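>>> Here you go, sequence then predicted model.
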Amino acid sequence: KAGVTQTPRYLIKTRGQQVTLSCSPISGHRSVSWYQQTPGQGLQFLFEYFSETQRNKGNFPGRFSGRQFSNSRSEMNVSTLELGDSALYLCASSYNTGELFFGEGSRLTVL
Amino acid sequence: AQKVTQAQTEISVVEKEDVTLDCVYETRDTTYYLFWYKQPPSGELVFLIRRNSFDEQNEISGRYSWNFQKSTSSFNFTITASQVVDSAVYFCALSERVEFNQAGTALIFGKGTTLSVSS
């Protein structure tokens, strides 16, 4: 069974640009959650999508957004990038919300 | 507010030693879930265990064991006879109960404990 796939794995952007990250969940999983991991703040919950609807949202500014498609694939977008947005962005899928399966992440560097 | 504290930032042991990773949590919820995840250098978090607040029974899975004590709000993780492959960052996490008695996916993570096992 294929795991959670995130693309791209690495990317470099400059301040002010925007970025879109993609996540393909495990087949059959309808819940996709996104987390940001930084050395300073650790792992922080961004948002969760379930059946194409945002079901929960963390405490992040509106520059961070996401969506989910009918095939459960999800994208997250960060607009007007800031240096502090440099992080590992992890996507996790879940079948029954109790156990999260994480991808290897997309490492974003903002210059 | 919910909070998870992993006071040990880094632990170094030699193979075959036993090691315990501490986790202390804070929550006002009466129903909640606790997790442990392992993050190897590749980056993905690997699920190890989930425990709900009504189940204080200790659990053992091979060389891994977990001790949940509500009285002290702790959920400690012990690796017996550690191996080099156990080297990773270990995270303890907490989530609230959502509908249908399921754990929510908005996990509150601790800062993690980096475990280094040398041969």
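Structure's in. What do you need?

>>> Name the residues of chain A found near chain B, please.
Counting by CB under 8 Å from any CB of the partner chain, the residues of chain A close to chain B are A:3-4, A:31, A:33, A:35, A:42-45, A:48, A:56, A:58, A:88, A:90, A:92, A:94, A:96-105, A:107. All C-beta atoms are positioned from the backbone trio N, CA, C, and that covers glycine.

>>> contacting residues for B:Asp22?
B:Asp22 is in contact with B:Gln6, B:Ala7, B:Gln8, B:Ser74, B:Asn76, B:Thr113, counting by CB atoms under 8 Å, 6 or more residues apart in numbering or on different chains.

>>> again, only using 10 Å
B:Asp22 makes contact with B:Thr5, B:Gln6, B:Ala7, B:Gln8, B:Ile11, B:Ser74, B:Phe75, B:Asn76, B:Phe77, B:Cys92, B:Gly110, B:Thr113, according to CB atoms under 10 Å, 6 or more residues apart in numbering or on different chains.

>>> hang on, the earlier thing: please produce a PyMOL select command covering the buried subset of the residues of chain A next to chain B.
A single PyMOL command selects the buried members of those (16 or more other CB atoms under 10 Å in any protein chain shown):
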select buried, chain A and resi 4+31+33+35+42+43+44+45+48+56+88+90+92+94+97+98+99+100+101+102+103+104+105+107
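
>>> rewinding a little: please report which of the contacts of B:Asp22 has the highest neighbour count.
Greatest neighbour count in the contacts of B:Asp22, by other CB atoms under 10 Å in any protein chain shown, goes to B:Cys92: 29 neighbours.

>>> count of residues packed around the closest residue to that one other than its chain neighbours?
Once flanking residues are discounted, B:Cys92 sits nearest to B:Cys23: 3.5 Å by CB to CB, 6 or more residues apart in numbering or on different chains. For B:Cys23, the count of nearby residues is 27 (other CB under 10 Å).

>>> For B:Cys23, give me phi and psi.
Main-chain dihedrals, B:Cys23, degrees, to the nearest 10: phi -150, psi 120.

>>> Contact partners for it?
By CB under 10 Å, 6+ apart, the contact list for B:Cys23 reads B:4-8, B:34-36, B:66-68, B:73-77, B:90-94, B:110, B:113.

>>> follow-up on the earlier one: I'd like a version of the contacts of B:Asp22 in TSV, one that adds secondary structure as further columns.
TSV is the format used below for the contacts of B:Asp22 (DSSP: H, G, I helix; E, B strand; the rest coil):
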residue	secondary structure
B:Thr5	strand
B:Gln6	coil
B:Ala7	coil
B:Gln8	coil
B:Ile11	strand
B:Ser74	strand
B:Phe75	strand
B:Asn76	strand
B:Phe77	strand
B:Cys92	strand
B:Gly110	coil
B:Thr113	strand
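
>>> Pick the one among those residues closest to B:Asp29.
Nearest to B:Asp29 out of the contacts of B:Asp22 is B:Phe75 (CB to CB; 14.5 Å).

>>> right, and B:Ser82 touches B:Val14 too?
Yes - if you go by CB atoms under 10 Å, B:Ser82 and B:Val14 touch, sitting 8.0 Å apart.
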